[in-house]
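quick one, what's the 3D model for this:
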Amino acid sequence: MFLGTHTPKIDEKGRFFLPAKFRDELADGLVITRSQDRCLAIYPTATFVEMTKQVSTAPTTLKQVRDFQRMLAAGASDETPDKQGRVTIPPQLRSYAGLESQIVVVGAINRVEVWDVAAWEEYSAQQESVFAEMNEEVFPGL
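Below is the predicted model of the structure:
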C-alpha cells in the first residue's frame with residue numbers, strides 16, 4: 001500500500017528518487033502512465049497487468065473503451081528502478097504532467113502519483129472541502 005506525500009526533485013536526466021518506503025514494492029519493476037488528472041500514475045508491474053486484464057475485457061465496440069485503452073497503453077512505460085532507487089520518467093510523460101525540477105510524489109493506496117508542485121497544490125486545495133463531504137456519497141457506511 002502506498003501512503004504519504006513526498007517532494008523529491010527530478011534531475012537533468014529525468015530521474016527521481018522513489019521514497020524509500022515505496023522501493024521494495026516497486027523494485028521488481030513498475031509501469032508509469034498518464035492519469036486522468038494531468039499527473040502520472042506509477043503501478044507495480046503486477047498491479048498494472050491485472051488492471052489491463054480488466055480493461056481488455058471491456059467491449060472494444062464502445063468508443064470510450066477504445067479511447068481509454070489507447071490512452072492508457074500509449075502513454076505507458078515500463079521501468080525498473082536503479083540500485084539507488086531512481087526511476088526515469090520518459091520525456092513525453094514529463095511533458096504531459098508538466099514536470100520540471102520540483103515534483104510531488106503521492107501515495108494513492110494502490111499506486112503512486114507524480115504531480116507538478118503547483119498542480120498538486122491547486123488540486124489539493126480544491127479537494128479539501130469536497131473530501132470532507134464525499135465520504136457518505138461515494139462510500140456509504142465508511
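
can you pull the pLDDT of residue 127?
At residue 127, the pLDDT value in this model is 87.

count of neighbours near the nearest residue to residue 10 once chain neighbours are set aside?
Spatial nearest neighbour of residue 10, chain neighbours left out: residue 16 (5.0 Å); criterion: CB to CB, 6 or more residues apart in numbering. C-betas here are computed from N, CA, C, even on glycine. By other CB atoms under 10 Å, the residues close to residue 16 number 20.

quick one, phi psi at residue 16?
phi -140, psi 160 (degrees, to the nearest 10).

contacting residues around it?
Going by CB atoms under 8 Å, 6 or more residues apart in numbering, residue 16 touches 8-10, 86-87, 89, 103, 105, 114.

with residue 111 instead?
Going by CB under 8 Å, 6+ apart, residue 111 touches 2, 41-43, 47.

quick revisit: closest to residue 62 out of the contacts of residue 16?
Distance to residue 62, by CB to CB, is smallest for residue 114 among the contacts of residue 16, at 29.5 Å.
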